[in-house]
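A.B. asks: output the structure for:
(chains A and B)
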Amino acid sequence: MTNPANDEPAISFDHATFRLNGRALVDDLTLSVKRGETLVLLGRSGSGKTTSLKLINRLLVPSAGDVQVNGRATTAWDPIQLRRGIGYVIQDGGLFPHFSVAKNIGLVPQIEGWPANKIQARTQELLALVGLSSDLLDRYPQQLSGGQRQRVGVARALAADPPILLLDEPFGALDPITRSEIQKEFRDLQQRMKKAVIFVTHDLREALLLADRIALMENGRLIVDLPVDDFPHSREPLVRAYLEAFSGAEAR
Amino acid sequence: MDFWHFMVTHRQEILGLTIEHVTLVGIAILLAVLIGIPLGILITRRPQLSRPVLGVANVIQTIPGLALFGFLLPVYWIGARGGRLAILALILYSLLPLIRNTYAGIRGVDPAVVEAGRAMGLTDRQLLWQVELPLASGVIVAGVRIATVVSIGLATIAAAIGAGGLGELIFRGLSMVNDSVILAGAVPAAALALSADMALGALERRLGTLRTRS
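C.D. replies: Residues are numbered from 1 along each chain as shown, chains lettered A, B, ... in the order given. The predicted model follows:
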């Protein structure tokens, strides 16, 4: 996948709607993300965040409107080529239980036909990048802690250096301390990577920490799309509700 | 005549019939695997075919063994030799556990893992060979195990249509009203079934650990 010019959006939704059994899970969504930018999709469960992500890597196809990646509709892409250029991280990593850490991380480079020594070097490099020791290379996912699995999931998504990274509540299942560590590490990582990142979460604190822009969704609709610094000052009632819910939790 | 005495004096014949028995079952299971597993995979890809395919395999399973041999007897080429007929019948009986377990094994793979594979840009073929089949292998081998054990037992009946195997001794003993001769067929057949069960059971457990490493 070629990198688009810096000002051209890497991902754009153009009045995209996704219906399932007549119900719109994503309703007339218009949104775009540039290269080097991190957009956090914030919203409660069932607000359409995950569905929106799946429209980008064509796990789902819009019922109406368009979703474009590098200026080209996902439906015009060869789905395999499209997905090879998009890293995808899900909760608990979605690692292959029958593959070692090394094989999990190296799978896409392997099927892309990289030579073995290059795969090995890349795997080592990625493991270091996500803060894991190379002792773990021969372990299986079950033998790792939740935090380690999640880090491996991020390393695997980055393996072939895709220009786009999608993360679906990746840190949701972690304990608060590990979670906070890995969030900070991810923020540092992301500033060095210059990728277009869409990060899905229902956690406002996580959104404020990681986002350049926050897009708040509710019932499949986009409520606001604001730079992270403007978000706390929005007068939108749903934003106020979020801020109050979280400040209340903090005061206790 | 005493059972052990008969076993010792007829050991050459018993060995020959055992080899014949293993050959019948071996060929049948091999062919059934080559048909059943691809069919099982096919119906995970074309779910609308799963009901008819499993339905037909199910119906075949309900036909009594001896009756199935009878139905196949007039079939051209197949009916001409007892061995061919027995192999076809054993294949037909083995299809249900093989198709069903392949289907259930693949459908039972964690959907999050399959989706992660698809999202990484694996083709359907790569997803099948690298992810679904390895993770379903324990369940598929369990199907092979059931089919093998059932076939070893069923193959004894095939002696009635002249297919040979250990069933010959059982039918001979029945007509002679001689328990030792019956046992000389039944005991090795049971031993075969038990060893196949244990060997495939061990393989199944080994492959099953792949799954629980999640």
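A.B. asks: phi, psi for A:Thr17 please.
C.D. replies: phi -130, psi 140 (degrees, to the nearest 10).
A.B. asks: show me what contacts it?
C.D. replies: Residues counted as contacts of A:Thr17 (CB atoms under 8 Å, 6 or more residues apart in numbering or on different chains) are A:24, A:26-29, A:62-65. Using the backbone N, CA and C atoms, a C-beta is placed for each residue, glycine as well.
A.B. asks: and A:Tyr140, by the same measure?
C.D. replies: A:97-101, B:213.
A.B. asks: what about those residues, which are in helices?
C.D. replies: Under the assignment DSSP state H, these contribute A:Val101 to helices.
A.B. asks: which one of the contacts of A:Tyr140 is nearest to B:Leu92?
C.D. replies: For the contacts of A:Tyr140, the residue nearest B:Leu92 by CB to CB is A:His98; the value is 32.8 Å.
A.B. asks: what's around that closest one, how many residues?
C.D. replies: Using other CB atoms under 10 Å in any protein chain shown, A:His98 has 21 neighbouring residues.
A.B. asks: that one touches B:Gly138, doesn't it?
C.D. replies: No - with contact defined as CB atoms under 8 Å, A:His98 does not reach B:Gly138; the gap is 10.5 Å.
A.B. asks: so where's the chain shaky on pLDDT?
C.D. replies: No chain was given, so I picked chain A. By pLDDT under 70, the weakly predicted segments of chain A are A:1-7, A:248-252.
A.B. asks: that's the wrong chain, I meant chain B
C.D. replies: Across chain B (using pLDDT under 70), the flagged ranges come out as B:1, B:209-214.
A.B. asks: tell me where it has helices.
C.D. replies: B:3-9, B:11-45, B:50-62, B:65-72, B:82-107, B:111-119, B:124-126, B:133-157, B:167-176, B:179-212.
A.B. asks: what helices and strands are in contact with the longest one?
C.D. replies: In other words, helix B:11-45. Judged by 3 or more CB pairs under 8 Å, 6 or more residues apart in numbering or on different chains; DSSP states H and E, helix B:11-45 is in contact with helix B:50-62, helix B:82-107, helix B:133-157, helix B:167-176, helix B:179-212.
A.B. asks: mind listing what's buried in it?
C.D. replies: B:14, B:17-18, B:20-22, B:24-25, B:27-29, B:32-33, B:35-37, B:39-41, B:43-44 (16 or more other CB atoms under 10 Å in any protein chain shown).
A.B. asks: helices of the stretch 51-200 of chain A, start to end?
C.D. replies: Using DSSP state H, counting those that start in this stretch, the helices of the stretch 51-200 of chain A run over residues A:79-84, A:101-111, A:116-129, A:146-158, A:176-193.
A.B. asks: now render those as a markdown table, adding distance to B:Gln48 and mean neighbour count.
C.D. replies: Shown next, in a markdown table, are these (distance: least, CB to CB, whole Å; neighbours: other CB atoms under 10 Å in any protein chain shown):
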| stretch | distance to B:Gln48 | mean neighbour count |
| --- | --- | --- |
| helix A:79-84 | 22 | 18 |
| helix A:101-111 | 30 | 22 |
| helix A:116-129 | 40 | 15 |
| helix A:146-158 | 34 | 24 |
| helix A:176-193 | 43 | 15 |
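A.B. asks: on the three-state scheme, A:Ser32 is what?
C.D. replies: Here A:Ser32 is strand, with the state taken from DSSP: H, G, I helix; E, B strand; the rest coil.
A.B. asks: so it touches A:Ile56, yeah?
C.D. replies: No - with contact defined as CB under 8 Å, A:Ser32 does not reach A:Ile56; the gap is 11.4 Å.
A.B. asks: which one of the contacts of A:Tyr140 sits closest to B:Ala163?
C.D. replies: Proximity of the contacts of A:Tyr140 to B:Ala163 (CB to CB) peaks at A:His98, which lies at 40.5 Å.
A.B. asks: okay, now A:Val67: neighbour count?
C.D. replies: 25.
A.B. asks: can you tell me how far it is from A:Gln143?
C.D. replies: 38 Å (CB to CB, to the nearest Å).
A.B. asks: now B:Ala57
C.D. replies: 39 Å.
A.B. asks: which of those two has more neighbours?
C.D. replies: Higher neighbour count among B:Ala57 and A:Gln143: B:Ala57, with 21 against 13, using other CB under 10 Å.
A.B. asks: pretty sure that one is touching B:Asn101, no?
C.D. replies: No - with contact defined as CB under 8 Å, B:Ala57 does not reach B:Asn101; the gap is 11.4 Å.
A.B. asks: bridged to A:Leu42, which residues?
C.D. replies: Counting by DSSP bridges, A:Leu42 forms beta bridges with A:Thr201, A:Leu216.
A.B. asks: give the contact list for the closest residue to B:Gln130 other than its chain neighbours.
C.D. replies: Computed as CB to CB, 6 or more residues apart in numbering or on different chains, the closest residue to B:Gln130 that is not its neighbour in sequence is B:Leu122, at 6.8 Å. Shown in contact with B:Leu122 (CB under 8 Å, 6+ apart): A:80, A:107, A:111, B:130-131.
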